[in-house]
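1. Fold the stuff below for me.
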Amino acid sequence: MRYAQGGGLTDEWRAFREKLRMEAAERFVLGDENVVIAHDLRVGVRSVQ
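-> Numbering: from 1, shown residues only. Take a look at the predicted model:
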């Protein structure tokens with residue numbers, strides 16, 4: 001089953017997720033380890049990968 005655009009999330013929740021993605025990407029570029037990024041952002045390591 002496929003979800004509509006955004007997976008049924010509100011605009012606010014989508015913006016929050018995108019903010020986390022951008023922060024994780026910036027930290028990855030700076031050389032932080034995935035485990036550290038995940039811990040600081042309070043998400044799973046797989047989400048950071």
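2. rest of the way, CA atoms for contacts and neighbours
-> Noted.
3. Can you pull the phi/psi pair for the spatially most central residue of the chain?
-> In the chain, the centroid-proximal residue (Cα atoms, centre = their mean) is residue 21; its distance is 3.5 Å. Per-residue torsions, residue 21: phi -60, psi -40 (degrees, to the nearest 10).
4. wait, what's in contact with it?
-> By Cα atoms under 8 Å, 6 or more residues apart in numbering, the contact list for residue 21 reads residue 48.
5. distance of it from residue 33?
-> 15 Å (Cα to Cα, to the nearest Å).
6. how much space is there between residue 33 and residue 24?
-> Computed as Cα to Cα, the residue 33 to residue 24 distance reads 10 Å.
7. Neighbour count for these two, which is higher?
-> When residue 33 and residue 24 are compared on other Cα atoms under 10 Å, the one with more neighbours turns out to be residue 24, at 21 against 13.
8. Helix or strand: which one has that one?
-> According to DSSP states H and E, residue 24 maps onto helix 11-29.
9. Can I get that helix in CSV, CA atoms only?
-> Written as CSV, here are the backbone C-alpha positions of helix 11-29 (Å, rounded to 0.1, in the frame of the first residue of the first chain):
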residue,chain,number,x,y,z
ASP,A,11,2.8,20.1,7.7
GLU,A,12,4.3,20.8,11.2
TRP,A,13,5.5,17.3,11.7
ARG,A,14,7.0,17.2,8.2
ALA,A,15,8.9,20.4,8.9
PHE,A,16,10.2,19.0,12.1
ARG,A,17,11.4,15.8,10.4
GLU,A,18,13.1,17.9,7.7
LYS,A,19,14.8,20.0,10.3
LEU,A,20,16.2,16.9,11.9
ARG,A,21,17.4,15.5,8.6
MET,A,22,19.2,18.8,7.8
GLU,A,23,20.9,18.8,11.2
ALA,A,24,22.0,15.2,10.9
ALA,A,25,23.4,15.9,7.4
GLU,A,26,25.3,19.0,8.6
ARG,A,27,26.8,17.0,11.5
PHE,A,28,27.7,14.1,9.1
VAL,A,29,29.6,16.5,6.9
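10. With only the CA atoms kept, save the following helix or strand past it in CSV.
-> Next in sequence after helix 11-29, counting helices and strands by DSSP H and E, comes helix 34-41. What follows is helix 34-41, C-alpha atoms only, in CSV (Å, rounded to 0.1, in the frame of the first residue of the first chain):
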residue,chain,number,x,y,z
ASN,A,34,26.3,8.2,13.3
VAL,A,35,25.9,6.9,16.9
VAL,A,36,26.7,10.4,18.3
ILE,A,37,24.4,12.1,15.9
ALA,A,38,21.6,9.7,16.7
HIS,A,39,22.0,10.0,20.4
ASP,A,40,22.0,13.8,20.3
LEU,A,41,18.9,14.0,18.0
